[in-house]
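Asker: can you look at this prediction? I've put the sequence above it.
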Amino acid sequence: MSVVSRHINIARFALILALSLVLSSLFAVPSWADGIPHAWGINLQDPGSPIESRIHGFHDMLLWIIILISIFVLGLLVWVMVRYNKWTNPTPTTTAHNVKLEIIWTLLPCLVLIGIALYSFPLLYYTDRTPDKYDMTVKVTGHQWYWSYEYPDNGNLSFDSHAIWDSSDVTQDQANKLIAEASPGWLIKGEPQRMLEVDNRVVLPVGSVVRVQVAGSDVEHSWFVPSLGVNRMSVPGHLTEVWIKLDREGIFYGQCSMICGNGHGYMPIVIEGVAPDKFAAWVQSKKSSVGQLNTPSHFAAAQ
Ligand SMILES: [Cu+2]
């Protein structure tokens, strides 16, 4: 390869690199909308619970580790390309092994991974165990293809939560009407979210520790709300558990994250965080509008 064509190749490489940087910065739109995925968004959704805040911290730490490792590996590659190409190093050595170096490049990544694992365990247990002192329980049951909710500490309130459709067949006015008819007026905020909105939202009081028990009635589902850092399998015959403590008022969207049949994509989750007095008012209004369990559910009796 002549010196001229080598320079052309380097210029081409630099151009591609610059273009990639410009394009990636153009699409780097933050997804900091309130508990909802955002078109072209990057980064995690804004946290609405202490679990998700800690997950953010862990994610950011991992990101720095990955950036440092990437810079280190890139530096090594550039060094090898510049120092050991056929012009600068025409007669290479025939070295095939370097025991000391091989031990280092095996041990070092192991130590990095062990360090990350040790750092992650406290977060794992924090997420897994409901604090001993919790304020209320909500039971979630996954069905093909909707969720149902029970509030044993609030008069055994129970209701189903189905997706509201917002397709091209439905005009904005019709969608708004659907929501207005299905929910009490004060619950309605903003626009209906395509494939994310439900007729009956899960309303929770801000600041209360909520024990969420997750059960399944037919097949496996998973109750996943990204901005709250919860994702629990709903398994028939098992009762799994997770917990939520809302940091702030807001609407937090989620979806079933376990492929559970052809309606899997149509079982969204909507959690609405409200002040405790609004929560009490919601419980009263809900009691009069939906059915209640006739008998206390088994987990209420076990408390
Ligand atoms: Cu499902």
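Answerer: Received, thanks.
Asker: next, see if stretch 204-217 gets close to the ion.
Answerer: No - Stretch 204-217 is not in contact with the ion by Cβ under 5 Å from the ion; minimum separation 8.7 Å. Heads up, the C-betas are built off the backbone N, CA and C, glycines and all.
Asker: pull the CA atoms of that stretch into CSV?
Answerer: Extracted C-alpha coordinates of stretch 204-217, given in CSV (Å, rounded to 0.1, in the frame of the first residue of the first chain):
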residue,chain,number,x,y,z
LEU,A,204,-51.0,3.9,45.7
PRO,A,205,-50.2,6.5,48.4
VAL,A,206,-46.9,8.3,48.1
GLY,A,207,-44.5,7.5,51.0
SER,A,208,-46.1,4.3,52.1
VAL,A,209,-44.2,1.0,52.0
VAL,A,210,-46.4,-1.3,49.9
ARG,A,211,-45.9,-5.0,49.9
VAL,A,212,-46.9,-6.3,46.5
GLN,A,213,-47.8,-10.0,46.2
VAL,A,214,-47.8,-11.4,42.7
ALA,A,215,-49.8,-14.5,41.7
GLY,A,216,-50.7,-16.2,38.5
SER,A,217,-54.0,-17.7,37.4
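Asker: what comes up buried for it?
Answerer: Residues Leu204, Pro205, Val206, Val209, Val210, Arg211, Val212, Gln213, Val214, Ala215, Gly216 are the ones in stretch 204-217 that count as buried (16 or more other Cβ atoms under 10 Å).
Asker: next one: stretch 267-284
Answerer: Buried residues in stretch 267-284 (16+ other Cβ under 10 Å): Met267, Pro268, Ile269, Val270, Ile271, Glu272, Gly273, Val274, Lys278, Phe279, Trp282, Val283.
Asker: taking those one by one, which sit in helices?
Answerer: Per DSSP state H, helices hold the following members of those: Lys278, Phe279, Trp282, Val283.
Asker: ok, the second one - contacts?
Answerer: Going back to what we said before, that points to Phe279. Val203, Leu204, Pro205 (Cβ atoms under 8 Å, 6 or more residues apart in numbering).
Asker: point to the residue nearest the middle of the protein.
Answerer: For the chain, Pro226 is the residue whose C-alpha lies nearest the centre (Cα atoms, centre = their mean; 2.6 Å).
Asker: name the SS class of the closest residue to that residue other than its chain neighbours, please.
Answerer: Distance criterion Cβ to Cβ, 6 or more residues apart in numbering; nearest residue to Pro226, sequence neighbours excluded, is Gln45 at 5.3 Å. Here Gln45 is coil, with the state taken from DSSP: H, G, I helix; E, B strand; the rest coil.
Asker: swap in Gly254?
Answerer: Assigned with three-state DSSP, Gly254 falls in the strand class.
Asker: so it sits right up against Ile271, yeah?
Answerer: Yes - with contact defined as Cβ atoms under 8 Å, Gly254 reaches Ile271; the gap is 7.3 Å.
Asker: pull up the overlap in contacts between the two.
Answerer: Common neighbours of Gly254 and Ile271 (Cβ under 8 Å, 6+ apart) are Val225, Leu228.
Asker: ranges for the strands of this structure?
Answerer: 29-30, 41-42, 136-143, 146-151, 157-161, 202-205, 209-216, 221-225, 230-234, 240-245, 250-256, 268-274 (DSSP state E).
Asker: in the longest helix along the chain, what counts as buried?
Answerer: The residue-count maximum for a helix in the chain (DSSP H) belongs to helix 50-83. Neighbour-count burial for helix 50-83, counted by 16+ other Cβ under 10 Å, picks out Pro50, Ile51, Glu52, Arg54, Ile55, His56, Phe58.
Asker: contacts only, for the first one.
Answerer: Which is Pro50. By Cβ under 8 Å, 6+ apart, the residues touching Pro50 are Lys245, Asp247.
Asker: from Pro131, how far out is it?
Answerer: 10 Å (Cβ to Cβ, to the nearest Å).
Asker: what of the second one?
Answerer: Summarising the geometry, the distance separating Ile51 from Pro131, computed by Cβ to Cβ, is 11 Å.
Asker: for the two, list the residues in contact with both.
Answerer: Trp243.
Asker: ok and the residue in the stretch 1-150 of the chain nearest the ion?
Answerer: Nearest to the ion in the stretch 1-150 of the chain, going by Cβ to the ion, is Gly142, at a distance of 5.4 Å.
Asker: residues near that residue, how many?
Answerer: By the criterion of other Cβ atoms under 10 Å, Gly142 has 27 neighbours.
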